[in-house]
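Asks: The sequence and its predicted three-dimensional model are supplied below.
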Amino acid sequence: MLYDNLFIRLERARWQLSSDIDFDAIDPSLLTPQWRSDLRHICLTELSALYATEMFIRDFYADIDFCSFISIWFYEEMKHHLVLRKYLERCGEHFEEAELPSLRLTFAPGPAIETLTMHFCGEQRLAHWYTAFSHEAPEPVLRHVFKTLAADELRHAACYAKYLRRAVTNKPDCLRDILKMALWMIRSTNDAPKHPTTVTDPSVVGQLEDPEYITRMLNWYLPGRDHERPVQRRILALMSELSGDEMETPRDLLRVIRVVEQRTPAPAAA
Ligand SMILES: [Fe+2]
Ligand SMILES: [Fe+2]
């Protein structure tokens, strides 16, 4: 099982909440009201790992390996929620626990391979956003927190990549669906940013007080259209590897999808 090796690797890479984040060094006076509000939203968005875990364990029912890995992913994502909540508490911000269940969602069942691809792309994108926030945040401890979380999100993407490789090895026909979902996820803008927390209906972010917060933060901290290049590069690198066809642009991906579709036509409707 991939889980066995991932368990060891993630255990080695893991940071400690109680010793690696210097909560005593936080300077709340540096945190602007806008950052307080945005952080609250990011913290609540991380909580959505709870609803996603419920979905994974339901939709990957027979995949014991992947469900085992999800136990680690869930733990690490909830730790993201916790570190941001602890940070905010040090700054005098508090959440009403009784209000949290109102944010809870149940995701509609979906094809497992598309969910896997969406999460691979989403982790890459979130790592990119958090890296930007680690440069732009006004308070040094917060900058360190975002740098730490970005590294976790990149590691999560690498884990999803392993499960995508395994899926293609076991069932080469699933490549078409992976490539199509990757193309759909790559086509993201600041005005309509694509991440598993934004693309469902209803969406996780749509439940929050300010559903536009990601768009606003991206327009401030990652303006312009070209900032997505590193995300595209990483997604296309995996798609190139899976398909054995070198791709550098979304246009290349579209070309490969057409080739793969000709090779493996969609199954006829029953
Ligand atoms: Fe996270
Ligand atoms: Fe993650």
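Replies: Received, thanks. Nothing here was measured: the structure is a model prediction, and the numbers come from that model. Ligands and ions are numbered 1, 2, ... in the order given.
Asks: tell me the contacts of I214?
Replies: By Cβ atoms under 8 Å, 6 or more residues apart in numbering, I214 lies in contact with 129, 193, 195, 198, 205. From N, CA and C alone the C-beta is placed, and that goes for glycine too.
Asks: For it, what is the enclosing helix or strand?
Replies: helix 213-221 (DSSP states H and E).
Asks: Which neighbouring elements make contact with whatever helix or strand comes next after that helix?
Replies: Along the chain past helix 213-221, the next helix or strand (assigned with DSSP H and E) turns out to be helix 229-243. Helices and strands touching helix 229-243, by 3 or more Cβ pairs under 8 Å, 6 or more residues apart in numbering; DSSP states H and E, are helix 112-136, helix 140-170, helix 175-186, helix 250-263.
Asks: Leaving out chain neighbours, which residue sits closest to the residue of the stretch 51-200 of the chain found nearest ligand 2?
Replies: At 3.7 Å from ligand 2, H156 is the closest residue in the stretch 51-200 of the chain, using Cβ to the ion. Using Cβ to Cβ, 6 or more residues apart in numbering and skipping the chain neighbours, the partner closest in space to H156 is E123 (4.4 Å).
Asks: and that neighbour, what pLDDT?
Replies: pLDDT for E123: 98.
Asks: Contacts only, for the residue of the stretch 51-200 of the chain closest to ligand 2.
Replies: Counting by Cβ under 8 Å, 6+ apart, H156 has contacts 73, 76, 119, 123.
Asks: ok, which pair from those is furthest apart?
Replies: Greatest spatial distance in the contacts of H156: E76 and H119, 13.3 Å, computed using Cβ to Cβ.
Asks: Name the nearest residue to F23, sequence neighbours excluded.
Replies: R90 (5.5 Å).
Asks: What distance do you get for that neighbour to L142?
Replies: Here R90 is placed at a distance of 10 Å from L142 (Cβ to Cβ, to the nearest Å).
Asks: Overlap in contacts, the two.
Replies: By Cβ under 8 Å, 6+ apart, the residues touching both R90 and L142 are I26.
Asks: okay, the two: which has more neighbours?
Replies: L142 (24 against 16; other Cβ atoms under 10 Å).
Asks: so how far is H80 from that one?
Replies: Taken as Cβ to Cβ, the span from L142 to H80 is 13 Å.
Asks: Can you give me the buried ones in stretch 120-135?
Replies: For stretch 120-135, burial by neighbour count (16 or more other Cβ atoms under 10 Å) applies to 120-134.
Asks: Check stretch 243-252 too.
Replies: By 16+ other Cβ under 10 Å, the buried positions in stretch 243-252 come out as 243, 247, 250.
Asks: now stretch 70-79
Replies: Buried-residue list, stretch 70-79, by 16+ other Cβ under 10 Å: 70, 72-74, 76-77, 79.
Asks: got the residues you listed as JSON lines, with pLDDT and secondary structure columns?
Replies: Below are the buried residues of stretch 70-79 laid out as JSON lines (pLDDT from 0 to 100; DSSP: H, G, I helix; E, B strand; the rest coil):
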{"residue": "I70", "pLDDT": "98", "secondary structure": "helix"}
{"residue": "I72", "pLDDT": "98", "secondary structure": "helix"}
{"residue": "W73", "pLDDT": "98", "secondary structure": "helix"}
{"residue": "F74", "pLDDT": "98", "secondary structure": "helix"}
{"residue": "E76", "pLDDT": "98", "secondary structure": "helix"}
{"residue": "E77", "pLDDT": "98", "secondary structure": "helix"}
{"residue": "K79", "pLDDT": "98", "secondary structure": "helix"}
